[in-house]
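Novice: generate a structure from the sequence data that follows.
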Amino acid sequence: MKYRLTLLSVMMLLLPVSADPYCHQDECFTDKAELVVPNGQIVHIYYNSLFEIGENWFIVIWLENSTDNDIDLVFDFGGDISKSVEIKSGSSNYTDSLSFSGSTFSSERFDTELNVSFNGNNHIILEIDINKKPAEDMVYLWGGMSVFWFAIGAYVLYISNKLRELSKKVKSNNE
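Specialist: Predicted coordinates for the structure are as follows:
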């Protein structure tokens, strides 16, 4: 029973944990931009400047005070990759988020421009690096190749020991 508990504990420690939730708090983001809209209101945009292919990428929008007009924010990578957020008039301390799927891009691109525009007029440009993580199967490849070369090394040692023994037998028979 104690052996099973120990084995189970070791297995739990070695298993990868993938229940890491997405964080939507502003402290979880590495970058911040501000867009000044009419009436001097500021829209805060929190984002990470690194977009990992295969993982969802989030943007958090926060309007500091209340707004008298509708605000339509468009986040456009160019082409058909864009999303928008509409902040209705009368909204106070408005917070929202949007995400781009991890499959939005398929190859690495650095200094990609994300155009953030307000009602089609004012805009800011955020520079994003799109990164492709190394293949996860590389761990298995390295592990497999290590076992392969270890097996070849063990076989070479085995054969050299057998040849040494055979050489000793031949020498002793010749004498």
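Novice: burial measure for Asn93, as a count.
Specialist: 9 (other Cβ atoms under 10 Å). Placement of C-beta: from N, CA and C, glycine included.
Novice: per-residue confidence for it?
Specialist: What the model reports for Asn93 is a pLDDT of 76.
Novice: repeat that for the one 3 residues further on.
Specialist: According to the per-residue confidence, Asp96 scores 84 in pLDDT.
Novice: try Arg109
Specialist: Arg109 is given a pLDDT of 87.
Novice: what's the answer for Asn48, then?
Specialist: At Asn48, pLDDT is 91.
Novice: my guess is it contacts Trp57. True?
Specialist: Yes: counting by Cβ atoms under 8 Å, Asn48 does reach Trp57; the two are 7.0 Å apart.
Novice: between the two, who's got more neighbours?
Specialist: More neighbours surround Trp57 than the other of Asn48 and Trp57, with 20 against 15 (other Cβ under 10 Å).
Novice: give me every residue that touches the more buried one.
Specialist: Tyr47, Asn48, Phe51, Ser99, Phe100, Gly102, Thr104 (Cβ atoms under 8 Å, 6 or more residues apart in numbering).
Novice: just the buried residues of those.
Specialist: Tyr47, Phe51, Phe100 (16 or more other Cβ atoms under 10 Å).
Novice: any chance of these in a markdown table, with distance to Val139 and secondary structure too?
Specialist: Converted to a markdown table, the buried ones among the contacts of Trp57 look like this (distance: Cβ to Cβ, whole Å; DSSP: H, G, I helix; E, B strand; the rest coil):
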| residue | distance to Val139 | secondary structure |
| --- | --- | --- |
| Tyr47 | 30 | strand |
| Phe51 | 23 | strand |
| Phe100 | 27 | strand |
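Novice: ok, those residues vs Phe150, which is closest?
Specialist: Minimum distance to Phe150 across these is 39.2 Å, recorded for Phe51 (Cβ to Cβ).
Novice: who's that closest one bridged to?
Specialist: According to DSSP bridges, the partner residues bridging Phe51 are Ile130.
Novice: touching, it and Ser99? I think so.
Specialist: No: judged on Cβ under 8 Å, Phe51 makes no contact with Ser99 at a distance of 10.8 Å.
Novice: pull the most distant pair out of the contacts of Trp57.
Specialist: Within these, Tyr47 and Gly102 form the most distant pair, 15.1 Å apart (Cβ to Cβ).
Novice: who does the host helix or strand of Phe75 pair up with?
Specialist: In this assignment (DSSP states H and E), Phe75 forms part of strand 71-78. Paired neighbours of strand 71-78 in the sheet (DSSP bridges): strand 81-87 (antiparallel), strand 109-118 (antiparallel).
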